[in-house]
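[1] can't give you the sequence, but here's the structure:
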């Protein structure tokens with residue numbers, strides 16, 4: 001017998017964003033629950049915080065060093081007016097890198113805030129799952145509303161080789177809260193590891209203007225490809241047409 005599905009009236013902006021994700025096939029035929037942010041926060045409080053967010057400059061020449069996004073001074077409040085367009089790119093060789101790092105699955109959900117007291121909506125955006133044939137979702141681009149106080153929230157769920165699952169909130173702020181990743185236009189990397197992992201890594205533009213992870217090596221400092229189990233994501237204003245391709 002099928003479980004009952006809760007029907008929630010969506011704010012117009014969330015509905016448009018949801019429709020945009022249907023258009024690119026992100027949701028498929030799967031039904032998702034709609035937990036409230038307090039419930040997610042309570043769950044997160046019981047879990048070990050693993051998510052690390054790296055940030056790189058929005059315009060790349062040869063290479064741009066990755067820094068911890070929580071160390072940035074402040075986010076961009078213009079996202080509150082314009083909304084944010086997130087583009088999940090993935091990385092070349094991501095499957096083998098995640099598997100070698102002991103990761104069984106990694107998924108990203110996006111919290112669409114309710115309005116006038118309505119319940120928040122959790123929308124599935126991307127997933128990797130190890131199996132006889134590894135599954136990796138394709139690139140995906142969608143629009144998300146941004147709150148002045150709530151910012152933008154992602155939910156990362158990981159499962160390690162021992163079957164231990166962790167579900168953690170990753171809240172981007174448009175303010176200057178200490179320790180939170182700041183929301184700016186640019187390139188982000190999401191990883192279930194601590195901040196020290198970004199040391200020595202950089203973004204570089206590969207073929208077709210697609211970003212790739214590199215390490216400056218050799219006496220001339222030339223960038224060479226780096227394998228690291230993280231997910232690449234670009235953030236831009238929702239009405240900006242200059243986007244990197246998924």
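    Thanks, I have the structure now. Given the structure is predicted, the values throughout are model-derived calculations rather than measurements. Numbers count the residues shown, from 1 in each chain.

[2] count the neighbours of the closest residue to residue 231 other than its chain neighbours for me.
    Counting by Cβ to Cβ, 6 or more residues apart in numbering, residue 190 is the residue found nearest to residue 231 once chain neighbours are left out, at 4.6 Å. Placement of C-beta: from N, CA and C, glycine included. Residues near residue 190, counting by other Cβ atoms under 10 Å, number 21.

[3] specify the beta-bridge partners of residue 190.
    residue 53, residue 231 (DSSP bridges).

[4] from what I see, it and residue 229 are in contact.
    No. With contact defined as Cβ atoms under 8 Å, residue 190 does not count as touching residue 229 (10.2 Å).

[5] what residues are up against residue 127?
    Contacts for residue 127 were tallied using Cβ atoms under 8 Å, 6 or more residues apart in numbering; they are 105-108, 135-137.

[6] got those as TSV, with pLDDT and neighbour count columns?
    Below are these laid out as TSV (pLDDT from 0 to 100; neighbours: other Cβ atoms under 10 Å):
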residue	pLDDT	neighbour count
105	90	17
106	90	24
107	91	18
108	92	22
135	86	11
136	86	15
137	88	18
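
[7] format the residues you listed as a markdown table; extra columns: secondary structure and distance to residue 201.
    As requested, the contacts of residue 127 are arranged in a markdown table below (DSSP: H, G, I helix; E, B strand; the rest coil; distance: Cβ to Cβ, whole Å):
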| residue | secondary structure | distance to residue 201 |
| --- | --- | --- |
| 105 | strand | 23 |
| 106 | strand | 18 |
| 107 | strand | 23 |
| 108 | strand | 20 |
| 135 | strand | 26 |
| 136 | strand | 21 |
| 137 | coil | 23 |
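
[8] grab the nearest non-local neighbour of residue 160.
    residue 102 (5.7 Å).

[9] would you check that the one you found makes contact with residue 159?
    No. Using Cβ under 8 Å, residue 102 is not in contact with residue 159, being 10.2 Å away.

[10] neighbour count winner among those two?
    Comparing residue 102 with residue 159 by other Cβ under 10 Å, the one with more neighbours is residue 159, at 17 against 11.

[11] that one: helix or strand, and which one exactly?
    strand 152-160 (DSSP states H and E).

[12] residue ranges in the chain under the pLDDT threshold?
    1-50, 58-62, 92, 193-196, 206-209, 218-221, 240-246 (pLDDT under 70).

[13] what count of nearby residues applies to residue 162?
    7.

[14] correct me if wrong: residue 74 contacts residue 182.
    Yes. Contact criterion Cβ under 8 Å: residue 74 and residue 182 qualify, at 6.0 Å.

[15] the more surrounded of those two?
    residue 182 (22 against 13).

[16] list the contacts of the more buried one.
    By Cβ under 8 Å, 6+ apart, the contact set of residue 182 is 55, 69-70, 72-76, 172-174, 176.

[17] now the helices for this protein?
    Along the chain, counting by DSSP state H, helices occupy 12-23, 37-45, 78-82, 94-100.
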